[in-house]
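[1] What follows is a predicted protein model with its sequence.
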Amino acid sequence: MASFVRTATDADLAELARIEDEADTLFTALFGATLGGIAPSGAARASEPGFILVVAEQEGGAPVGFVHVLTEDDHAHLEQLSVLPAHTRRGHGRELVEAALDEAADRGCRTVTLRTFADVPWNAPFYASLGFTETVSPDQPFYRTLLDTEQRIGLNDLGRRVHMTIDVAGGMEMEPEAFEELVADELDRLPDEMVEGLENLVFVVEDRPEDGSLDLLGIYDGLAVTERGNYGMGELPDRIVVYREPHLAQCADEQELRDEVHTTLVHEIAHYYGIDDAQLHEMGWA
């Protein structure tokens with residue numbers, strides 16, 4: 001059966017509580033008890049920071065399942081996954097989780113966490129098949145609240161609960177100071193004819209662009225020398241900004257990172273000179 005995953009619309013939100021309540025009947029049959037009472041409304045879920053995806057069996061069709069992911073800084077938490085019982089065992093849950101992991105990564109999250117029953121086949125074993133591993137719950141307010149809520153509504157009385165985590169960032173890790181040193185080293189390696197003409201220009205390393213994305217590697221913040229006209233009246237320096245986290249997300253090892261930083265520096269310096277990509281190749285700079 002085909003799965004069509006999309007971001008939840010206002011019309012979809014109205015269906016979420018019903019989907020969750022029906023999905024929870026599977027636990028009632030297993031435990032002989034309900035799970036935590038009435039499901040929250042879709043509007044209540046949508047008011048929280050994060051995103052909601054739904055799955056349908058026809059493009060644009062009525063949702064038969066949903067996943068709700070909460071986001072905070074560089075991590076995400078899969079808060080709820082529900083599929084209507086009549087539509088289980090068709091791969092919809094897997095499609096929803098995989099789409100949610102991709103969305104979390106696109107939003108710059110490094111990890112996705114969840115809490116679930118250890119011994120229910122469609123809980124921990126299912127998530128393990130997708131790459132989640134059992135980990136210790138972090139000692140942070142958000143996760144302490146989750147643990148307190150599970151205790152309060154009696155989930156711990158129904159079976160062992162586990163915390164699970166998956167890394168979605170990809171790429172590599174490097175501390176800011178080490179990355180700055182690498183950028184300075186690559187700047188020193190650039191050809192003399194490329195850097196000797198740089199005036200009133202500073203190089204800056206930042207974690208991410210203002211929009212928080214991981215797509216932009218660098219930017220030239222200034223006016224190209226070919227467009228300056230009258231210049232030299234005490235203007236603030238132009239800037240070339242190199243973004244650390246987008247570079248790390250796209251590279252698997254240090255040599256690849258050095259190559260990518262080199263390319264970014266060359267391209268942004270080219271913008272300083274008013275040079276386009278075709279001219280870069282002609283000059284042997286790219």
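    Arrived safely.
[2] Next, the residues that contact the helix or strand where A29 lies from outside, please.
    According to DSSP states H and E, A29 maps onto helix 10-31. Contact partners of helix 10-31, identified using C-beta atoms under 8 Å, 6 or more residues apart in numbering, comprise 8, 33-35, 38-43, 45-46, 52, 54, 62-66, 68, 80, 82-85, 88, 120, 122, 158-159. All C-beta atoms are positioned from the backbone trio N, CA, C, and that covers glycine.
[3] Okay, domains of the protein per the record?
    4-167, 176-283 (automatic domain parsing).
[4] from the middle of its chain, how far away would the first one be?
    Right, domain 4-167. 17 Å (C-alpha atoms, centre = their mean, to the nearest Å).
[5] first vs last residue of it, how far apart are they?
    Separation of the first and last residues of domain 4-167 by C-alpha to C-alpha, to the nearest Å is 25 Å.
[6] Could I get the average pLDDT for it?
    Averaging pLDDT along domain 4-167 gives 93.
[7] With the last one instead?
    Confidence over domain 176-283, taken as the mean pLDDT, stands at 88.
[8] For this structure, which segments count as helices?
    Secondary structure of the chain (DSSP state H): helices at 10-31, 42-46, 92-106, 124-129, 141-152, 176-188, 192-195, 244-250, 254-273, 277-283.
[9] what residue is smack in the middle of the chain?
    A105 (2.5 Å; C-alpha atoms, centre = their mean).
[10] Please report how far that one lies from T111.
    Distance, A105 to T111, using C-beta to C-beta, to the nearest Å: 10 Å.
[11] do the same with G170
    On the measure of C-beta to C-beta, G170 and T111 end up 12 Å apart.
[12] who has more neighbours, these two?
    Each of G170 and T111 had its neighbours counted (other C-beta atoms under 10 Å), and the higher figure belongs to T111 (16 against 13).
[13] Name all residues that sit in contact with A105 and T111 at the same time.
    V168, A169.
[14] quick one on the thing from earlier: now the residue nearest to the centre of the chain, nearest residue through space, not along the chain?
    Nearest non-adjacent residue to A105, counting by C-beta to C-beta, 6 or more residues apart in numbering: V168, 4.2 Å away.
[15] swap in G218?
    Nearest non-adjacent residue to G218, counting by C-beta to C-beta, 6+ apart: T264, 4.1 Å away.
[16] Surely the one you found is in contact with H247?
    Yes. The pair T264 / H247 is scored as a contact, 7.3 Å apart, by C-beta atoms under 8 Å.
[17] Compare these two (neighbour count), which wins?
    Neighbour count, other C-beta under 10 Å: between T264 and H247, H247 has more, with 25 against 22.
[18] for that one, what are its contacts?
    H247 makes contacts with F179, L217, L257, E260, V261, T264, as judged by C-beta under 8 Å, 6+ apart.
[19] among these, who's most crowded?
    Most surrounded of those: other C-beta under 10 Å gives V261, at 24 neighbours.
[20] quick one: contacts for the closest residue to it other than its chain neighbours?
    Here the nearest residue to V261 in space, its sequence neighbours aside, is E186; by C-beta to C-beta, 6+ apart that works out to 4.9 Å. Contact analysis of E186 by C-beta under 8 Å, 6+ apart lists R258, V261, H262, L265.
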